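Peer 1: Provide a 3D model corresponding to the input given below.
(one chain, ligands or ions: 2)
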Amino acid sequence: MKAFSLAAVCLCALIVTGCGGSDDAPAQPQVIAHRGASGYLPEHTLGGYELAIRMGADFIEPDLQITKDGALVAIHDDTLNRTTNVATLFAQRNGGYKVADFTLAEIKTLTVVPTGTGKVSYPGFVPSATSPFTVPTFQEVVDFAKKQSSAAGREVGIYPEAKQADPVMEDGILKTLNANGYNGTSKVFIQSFSDATLRSLRTKQIAQNNKMPLILLGVATTAADGSVRMGVTGATGVQPLTLKDVASFNEGVGVLINNTTYPVTKAFIDQAHAAGLKVHGWTFAQADATLAAAEFRKYLDMGMDGMFANYPDLAVTTRNAYVQGK
Ligand code: G3P
Ligand code: CA
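Peer 2: Numbers count the residues shown, from 1 in each chain. Ligands and ions are numbered 1, 2, ... in the order given. Next up is the predicted model:
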């Protein structure tokens, strides 16, 4: 049944986007595979990214950390123990398992394990990668997206997140993207929770004459007088930035959904659009198909431009029906 569902979603995606791919297709809300198809397979793995692509996701999302020897790797946490078998292979270092305390060669010996509703396999899906459930480097994610784009006949976007507010991270992301031919017309977004990181990235992009779109992550704030701001979360709490300020260094915002303190409203999305900003939402994590569809619809109806989804097939199904007016 699951294998049939996967085929149906892929076929549906082709009908909506056209066999030539989505590069020149009219703008439609984008499905961003949050940490890959993380509701089904181990997060941030080539296997998980591939399943998401097969399900019709527009983007795969590598969160990035830096190894001891300076490599960028796709992993969410700054530690290895939640998502890998590191504790069975290595002793703790400096009291834990920080990515920054392990070399790339050591990290490459690890297996990424499923978390949450994830499993080690998905019915009817055979990963094409030789090692589908190891920690990939950012370069390997880029290579994989390009290979999968050729195989799928459409451009698979990448949406890297700088998980460290660190110039080394900024430089590594830009160096990799520049070296692989990404530019302002590519299907790419660079995201961060740090406005300082994004401001720095924009300055560097301008110096390099290659402006790829940037997305600021945070919360949607609404003041007592109804005015909206982009809330940047940090050590000192939520710092509100005007949308005009955000638009001065950035192309969009990624906002937390389903939060009672900071609800995403249509007014926020409308005003962000008026400021020239795209609005993406995170994280769509509802596993029940009916409840998920209702949740996607709620935000699509408000004008949301992109959805980070743990179950990309559910997002694609609802998005496709939405753009078809169903
Ligand atoms: O990047 C958007 C969303 O992924 C932020 O949450 O913690 O999963 O990176 P996180
Ligand atoms: Ca992320």
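Peer 1: tally of neighbours for residue 175?
Peer 2: Applying other Cβ atoms under 10 Å, we find 14 residues neighbouring residue 175. The way it works is simple: take the backbone N, C-alpha and C, and place the C-beta from them, glycine included.
Peer 1: Now do residue 326, the pLDDT please.
Peer 2: pLDDT, residue 326: 88.
Peer 1: Tell me the spacing between it and ligand 1.
Peer 2: 28 Å (Cβ to the nearest ligand atom, to the nearest Å).
Peer 1: since we're on that residue, how many residues are nearby?
Peer 2: Per other Cβ under 10 Å, the neighbour tally for residue 326 reads 7.
Peer 1: mind listing what the residue sitting nearest the centre point of the chain touches?
Peer 2: With distances taken as Cα atoms, centre = their mean, residue 61 lies nearest the centre of the chain, 3.0 Å away. Contacts for residue 61 (Cβ atoms under 8 Å, 6 or more residues apart in numbering) come out as 32, 33, 34, 35, 36, 158, 159, 160, 161, 308.
Peer 1: how close does the third one sit to residue 103?
Peer 2: So that's residue 34. In this view, residue 34 and residue 103 are 28 Å apart by Cβ to Cβ, to the nearest Å.
Peer 1: between the two, which one's more packed in?
Peer 2: Just comparing residue 34 and residue 103: by other Cβ under 10 Å the higher neighbour count belongs to residue 34, 28 against 12.
Peer 1: Which positions in the longest strand along the chain come out as buried?
Peer 2: Of all the segments of type strand in the chain, defined by DSSP state E, the longest one is strand 214-222. Within strand 214-222, the residues that qualify as buried are 214, 215, 216, 217, 218, 219, 220, 221, 222, counting by 16 or more other Cβ atoms under 10 Å.
Peer 1: next one: stretch 308-326
Peer 2: Under the neighbour-count criterion of 16+ other Cβ under 10 Å, stretch 308-326 has 308-323 buried.
Peer 1: what sits against residue 71?
Peer 2: 104, 137.
Peer 1: Please disregard the earlier target; I meant residue 39.
Peer 2: By Cβ under 8 Å, 6+ apart, residue 39 lies in contact with 116, 117, 118, 285, 287, 310, 311.
Peer 1: measure the residue of the chain found nearest ligand 1 to residue 301 for me?
Peer 2: Relative to ligand 1, the nearest point of the chain is residue 282 (3.9 Å; Cβ to the nearest ligand atom). In this structure, residue 282 and residue 301 are 18 Å apart, going by Cβ to Cβ.
Peer 1: Sounds good, over and out.
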